[in-house]
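# Fold the following for me, if possible:
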Amino acid sequence: MYSTKWTERRFLGKRKEDGRMVYIAAPTWDCNWYWSFGYLKATGEHYHLRNCNINWKDGLERDYILNVKLRGDNLWKFYELAKTAYGLRDAAEILGKGGSNLTENSLREAIKNKAEVDRINQIVLPQIFDAINEMFD
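So this is what the prediction gives:
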């Protein structure tokens with residue numbers, strides 16, 4: 001039901017600082033309610049694409065010798081798809097919970113939209129993940 005063709009990590013690039021090979025993990029459907037996405041992994045460490053302090057495109061170009069398939073215009077395409085995936089993941093969470101989950105939202109019933117949560121998680125995000133995955137082929 002919640003699936004993507006992307007099932008293995010993909011080589012992102014070589015970190016300039018120490019020469020470590022860095023990979024982006026395949027997205028996974030976790031805890032039966034959200035997609036994990038954007039985990040960057042090197043031997044003995046992992047961190048999140050989302051936590052980059054500057055725009056990801058500039059940060060990736062500055063810090064990595066990128067996989068040749070992610071260079072130039074393809075890096076903009078990767079950035080667009082990844083940022084969109086994060087935005088939709090956040091939207092699905094808000095639409096599913098009826099708010100940001102900081103406290104009880106008095107409008108939660110008006111915010112909840114199970115049909116849209118299902119569409120985002122079952123159709124849209126898997127298509128985005130597959131499009132990102134195809135960039136590495």
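# hey, where'd the strands end up in this structure?
Ranges of strands in the chain, per DSSP state E, are 10-15, 21-24, 28-30, 34-36, 39-42, 45-48, 64-66.
# Can you lay out these as TSV showing mean neighbour count and distance to Ile123?
Where you see a C-beta, it was placed from the backbone N, CA and C, and this is true even at glycine. Converted to TSV, those look like this (neighbours: other Cβ atoms under 10 Å; distance: least, Cβ to Cβ, whole Å):
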stretch	mean neighbour count	distance to Ile123
strand 10-15	18	22
strand 21-24	19	22
strand 28-30	14	13
strand 34-36	18	12
strand 39-42	18	23
strand 45-48	11	24
strand 64-66	17	29
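# Show me where the protein dips below the pLDDT cut-off.
Applying pLDDT under 70 to the chain flags residues 1, 52-54.
# what's the longest helix seen in it in contact with?
Using DSSP state H, we find that the single longest helix of the chain is helix 73-97. The contact list for helix 73-97 (Cβ atoms under 8 Å, 6 or more residues apart in numbering) reads 27, 33-35, 37-38, 49-50, 55-57, 60-61, 66, 70, 100-101, 108, 111-114, 116-117, 120-121, 124-125, 128-129, 131-132, 135.
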